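Peer 1: Need a 3D model of the sequence below.
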Amino acid sequence: MPDRGAPQLLGAWMTAALVVGGIIGSGIFMLPVALAPLGANAVAGWLVSGV
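Peer 2: Numbers count the residues shown, from 1 in each chain. Presented below is the predicted three-dimensional model:
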């Protein structure tokens, strides 16, 4: 069986990427709940800001 050596540790960039990805990922699911009371204006604002 080959020796695999020490396991790789996460570096600063990979850790930052995981944190940012988690924040963006959770925001995708939380944003519609926050904008629901605003109705169609929220959808229009979301589309305009995305462009």
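Peer 1: Remind me what the lowest-mean-pLDDT helix or strand in the chain packs against, helices and strands.
Peer 2: The weakest-scoring helix or strand in the chain, judged by mean pLDDT, DSSP states H and E, is helix 40-50 (a mean of 83). Using 3 or more CB pairs under 8 Å, 6 or more residues apart in numbering; DSSP states H and E, the elements in contact with helix 40-50 are helix 12-35. Glycine gets a C-beta too; all of them are placed from N, C-alpha and C.
Peer 1: what comes into contact with the helix it packs on?
Peer 2: 10, 42, 43, 46 (CB atoms under 8 Å, 6 or more residues apart in numbering).
Peer 1: These: which two are farthest apart?
Peer 2: 10 and 43 (37.6 Å; CB to CB).
Peer 1: one step back: most neighbours of all the contacts of helix 12-35, which one?
Peer 2: For those, neighbours were counted using other CB atoms under 10 Å, and residue 42 has the most, 15 neighbours in all.
Peer 1: Residue 13 versus that one, what's the distance?
Peer 2: 34 Å (CB to CB, to the nearest Å).
Peer 1: Between helix 12-35 and the least confident helix or strand of the chain, find me the angle.
Peer 2: Orientation of helix 40-50 against helix 12-35 (axes from the mean of the first three to the mean of the last three CA atoms, to 10 degrees) gives an angle of 150 degrees.
Peer 1: so how far is helix 40-50 off the chain centroid?
Peer 2: Mean-position distance between helix 40-50 and its chain equals 19 Å (CA atoms, centre = their mean, to the nearest Å).
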